[in-house]
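Engineer: here is a sequence with its predicted model. Questions after.
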Amino acid sequence: MDATNPLEIAAKPPQPRTARRMRRLRLLTRVRALWRRLVQRASSSLTRRIVVLNLAGLVALLVGFLYLNQFRQGLIEARVQSLLTQGDIIAGAIAASATVETDTVQIDPDKLLQMQAGETSGLGDEVLSPLEFSINPERVAPLLRRLVTPTRTRARVYDREGGLLLDSRTLYSRGDVLRFDLPPLRKKDESLIERAWNATRRVFRKNPAASLDEIGPTNGKSLPEVQQALAGIHANVVRQNQRGETIVSVAVPIQRFRAVRGVLLLSTQGGDIDKIIASERFSLLQVFLVAALIMVLLSMLLAGAIAGPVRRLAEAAERVRRGIKSRQEIPDFTERSDEIGHLSGALRDMTRALYSRIDAIESFAADVAHELKNPLTSLRSAVETLPLARSDDSRRRLMSIIQHDVRRLDRLISDISDASRLDAELARADAAPVDLAKLLAAVVGVVNDRRREHDPLIVLTVEPHPMGKDAFVVFGHDSRLAQVANNLIDNARTFSPQDATVRVALRRLRAEIEIVVDDDGPGIPPHALERVFERFYTDRPEQGFGQNSGLGLSISRQIVEAHRGSIRAENRLGPPGENGERARMGARFIVRLPPLG
């Protein structure tokens, strides 16, 4: 027996049964993945609410249709009118043929079906007498059989005493087989759907009528409609049989010359009306199921358009909260013009502001550490060298260094504390209208009052405006705006030569209020026009090291930007020289703020 090569076995294609099994497994895997995706989407609270609320409205509409549907009542009324018309014709035919002495019917039933209610059969009134009028079952039965059989209605004839004379259910001619439906030997078990449908029908069934057995009473006087018909009044009643099927009964008096000799009772077959109503309601239920399926799909799409982006935004926000080592990005839905797009834009702006604040805090902490380290290092060296000093002059110089570093540390700590709590103070304090003309006049007056001999003089110029005092009113914090003015004036004074003048101008532009501070100092190097607003930046070689913290202009920019304004620095340039260059005549700081009105 030859051995089989394992490589040949592996190279053989899979059997058809195995291929079908693999296809089924792949299909089952896809179905499970789709189901998990649907369950995951439906697990969102917003998705469930959208689906439930939409389906609730649809279910309410269905319940309203089932409960308030007028089709059943209209169908019953139409059937009552049809039975009344049919009963008048048949009763007239019975009255006309009940006294005929022959075995043949002298009236054509087809013509009787075409007669209108109240018309006579054409026989002379002299043929019959009300005293001779009586109902002979043998003569009426053939007529009743021919008239009732095509209409699928049940007809019963009662005499004047209410006794049952004829019943179309028991009428049969020679050769016919009388057949009755026997009840099943064992009742069929209803399925869950059938039980639910029947329970729903019982719930929405309005005004359940009285029950009626299949055979009916032999004494017609026990039926209210027969009693009314014996009194010469047309009557109708809606009942139910033992199976819960609707039956419409119409009683028509059989009379001749206003003499009632009997009653014709016409009844519909059990289940005829219910089948039509059930068919209509089943059609309505089919429409509801299709509409519910469409509603669920649309709700899922709507939830996907709302809950999906919201979930992604929430997950991104959670990642931002936990993202310590790396920075997370908020999904961008700003191309959408709805609330989701606005929320995405707001979260992205908030995240950028948060990261900017984190960067600012880290940079501020690094700058503070660097600036504090320099005086501490100098102070440490002086303290360590002080015990080694042998002369009084050396000890005095070391003590001077120590005092200088202590003052520098005190100044740094004060400025750093002021800068660190500036944002919180601006956020907590209530803004109010501030008149910049009065504020600048007060600041300039205080500076000039403290002016020492040979210190620069501060001159304030306020350009007039047609609006008067209201032209220079802004909405903000007066103490912080005064701090900006004081920082700019103090900066200009320190760079100005002795007996110089610092000029402060206030003017109203078309949409802004402008404050200009000019000095006659050396100006600002071109490369430092922006750096002067950085924290701890200072360039004062003539004043010695450590005389300034370098936070004044940085704090000023922070305050101005918090008031939705701008601040910039430039140089005052003189006329061009021989080489075409323009010399710096001094520095100029320009602050612009939005006016209140």
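Structural biologist: That came in fine, so what should we check first?
Engineer: nearest spatial neighbour of Glu329, skipping sequence neighbours?
Structural biologist: Ala316 (7.2 Å; CB to CB, 6 or more residues apart in numbering). For glycine as for every other residue, the C-beta is placed from the backbone atoms N, C-alpha and C.
Engineer: any idea which helix or strand carries the one you found?
Structural biologist: helix 272-322 (DSSP states H and E).
Engineer: now the angle between helix 272-322 and the helix or strand just after that helix, please.
Structural biologist: Next in sequence after helix 272-322, counting helices and strands by DSSP H and E, comes helix 339-385. Interaxial angle, helix 339-385 versus helix 272-322 (axes from the mean of the first three to the mean of the last three CA atoms, to 10 degrees): 20 degrees.
Engineer: for burial, what's the neighbour tally of the closest residue to Met467 other than its chain neighbours?
Structural biologist: With sequence-adjacent residues excluded and distances taken as CB to CB, 6+ apart, Met467 is closest to Arg508, at 7.2 Å. Neighbourhood size, Arg508 [other CB atoms under 10 Å]: 20.
Engineer: who's in contact with Arg508?
Structural biologist: Taking CB atoms under 8 Å, 6 or more residues apart in numbering, we find Arg508 in contact with Glu463, His465, Met467, Ala471, Phe472, Glu514, Pro595.
Engineer: run through the bridge partners of it.
Structural biologist: According to DSSP bridges, the residues that bridge with Arg508 are Ile513.
Engineer: circling back to that earlier point, can you verify my assumption that the residue nearest to Glu329 contacts Gln328?
Structural biologist: Yes. Between Ala316 and Gln328 there is a contact at 6.1 Å, judged by CB atoms under 8 Å.
Engineer: tell me which of these two has more neighbours.
Structural biologist: Counting neighbours by other CB under 10 Å for Ala316 and for Gln328 shows that Ala316 has the greater number, 19 against 15.
Engineer: what subset of the contacts of Arg508 is buried?
Structural biologist: His465, Ala471, Phe472, Glu514, Pro595 (16 or more other CB atoms under 10 Å).
Engineer: residues contacting the third one?
Structural biologist: With contacts taken as CB under 8 Å, 6+ apart, Phe472 has the following neighbours: Asp435, Leu436, Ala437, Val462, His465, Leu506, Arg508, Ile513, Pro595.
Engineer: which phi and psi values does it adopt?
Structural biologist: Dihedral pair for Phe472: phi -120, psi 30, per degrees, to the nearest 10.
Engineer: how about residues contacting stretch 387-396?
Structural biologist: Taking CB under 8 Å, 6+ apart as the rule, stretch 387-396 contacts Leu386, Leu398.
Engineer: send the alpha carbons of that stretch over as CSV?
Structural biologist: Only the C-alpha atoms of stretch 387-396 are listed here, as CSV (Å, rounded to 0.1, in the frame of the first residue of the first chain):
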residue,chain,number,x,y,z
PRO,A,387,33.8,84.8,56.9
LEU,A,388,37.0,84.8,54.8
ALA,A,389,37.1,88.6,54.4
ARG,A,390,40.1,90.1,56.3
SER,A,391,39.5,93.8,55.9
ASP,A,392,36.6,96.0,56.7
ASP,A,393,36.5,97.3,53.2
SER,A,394,36.0,93.7,51.9
ARG,A,395,33.3,93.0,54.4
ARG,A,396,31.5,96.2,53.5
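Engineer: in it, what counts as buried?
Structural biologist: Within stretch 387-396, judged by 16+ other CB under 10 Å, no residue is buried.
Engineer: quick one: average pLDDT of that stretch?
Structural biologist: Averaging pLDDT along stretch 387-396 yields 83.
Engineer: before we move on, what about stretch 564-579?
Structural biologist: The average pLDDT for stretch 564-579 rounds to 85.
Engineer: check the offset of that stretch from the chain's centre.
Structural biologist: How far stretch 564-579 lies from its chain's middle: 57 Å, per CA atoms, centre = their mean, to the nearest Å.
Engineer: for that stretch, buried residues please.
Structural biologist: Gly565, Ile567, Ala569, Asn571, Arg572.
Engineer: take those and lay them out in CSV including secondary structure.
Structural biologist: Putting the buried residues of stretch 564-579 into CSV (DSSP: H, G, I helix; E, B strand; the rest coil) gives the following:
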residue, secondary structure
Gly565, coil
Ile567, strand
Ala569, strand
Asn571, strand
Arg572, strand
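Engineer: okay if I get those as a markdown table plus distance to Leu147?
Structural biologist: Listed next are the buried residues of stretch 564-579 as a markdown table, based on distance: CB to CB, whole Å:
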| residue | distance to Leu147 |
| --- | --- |
| Gly565 | 103 |
| Ile567 | 108 |
| Ala569 | 114 |
| Asn571 | 120 |
| Arg572 | 122 |
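Engineer: where along this protein do the strands fall?
Structural biologist: Along the chain, counting by DSSP state E, strands occupy 153-159, 164-167, 235-240, 246-256, 259-268, 432-435, 457-462, 473-476, 501-508, 513-518, 566-576, 582-593.
Engineer: I'd like to know which elements the third one is packed against.
Structural biologist: For strand 235-240, the elements it packs on are helix 71-97, helix 224-230, strand 246-256, judged by 3 or more CB pairs under 8 Å, 6 or more residues apart in numbering; DSSP states H and E.
Engineer: on that earlier part again, for the helix holding Ala316, packing partners?
Structural biologist: Applying 3+ CB pairs under 8 Å, 6+ apart, we find helix 272-322 packed against helix 16-42, helix 45-68, helix 71-97, strand 246-256, helix 339-385.
Engineer: and the shortest one, which strands flank it?
Structural biologist: This points to strand 246-256. Using DSSP bridges, the strands paired with strand 246-256 are strand 235-240 (antiparallel), strand 259-268 (antiparallel).
Engineer: now the shortest one: how far from the chain's centre is it?
Structural biologist: Looking back up the chat, that one is strand 235-240. 51 Å.
Engineer: now that strand: average pLDDT?
Structural biologist: On average, the pLDDT along strand 235-240 is 84.
Engineer: and it, which residues are buried?
Structural biologist: Ala235, Asn236, Val237, Val238, Arg239, Gln240.
Engineer: for the stretch 401-550 of the chain, what spans make up the helices?
Structural biologist: Taking DSSP state H, counting those that start in this stretch, the helices of the stretch 401-550 of the chain run over residues 422-428, 436-449, 478-495.
Engineer: by contact count, what packs against the last one?
Structural biologist: I take that to be helix 478-495. Packing partners of helix 478-495 (3+ CB pairs under 8 Å, 6+ apart): helix 422-428, strand 432-435, helix 436-449, strand 501-508, strand 513-518, helix 552-562, strand 582-593.
Engineer: tabulate the ones you listed in a markdown table, adding columns for distance to Glu161.
Structural biologist: As requested, the helices and strands packed on helix 478-495 are exported to a markdown table (distance: least, CB to CB, whole Å):
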| stretch | distance to Glu161 |
| --- | --- |
| helix 422-428 | 102 |
| strand 432-435 | 106 |
| helix 436-449 | 116 |
| strand 501-508 | 115 |
| strand 513-518 | 113 |
| helix 552-562 | 108 |
| strand 582-593 | 112 |
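Engineer: closest one to Pro456 among these?
Structural biologist: Closest to Pro456 of these, according to CB to CB: strand 501-508, at 5.0 Å.
Engineer: avg pLDDT for the helix holding Ala316?
Structural biologist: Mean pLDDT, computed over helix 272-322, is 79.
Engineer: what about it, distance to the chain center?
Structural biologist: 14 Å.
Engineer: low pLDDT regions in the stretch 1-150 of the chain?
Structural biologist: Where the stretch 1-150 of the chain drops to pLDDT under 70, the residues are 1-16, 35-47, 64-72, 98-134.
Engineer: distance to Leu398 added to the strands paired with strand 246-256, as a markdown table?
Structural biologist: Converted to a markdown table, the strands paired with strand 246-256 look like this (distance: least, CB to CB, whole Å):
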| stretch | distance to Leu398 |
| --- | --- |
| strand 235-240 | 118 |
| strand 259-268 | 124 |
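Engineer: how about the ones you listed, which one is nearest Gly586?
Structural biologist: Smallest distance to Gly586 across the strands paired with strand 246-256 (CB to CB): 108.1 Å, for strand 235-240.
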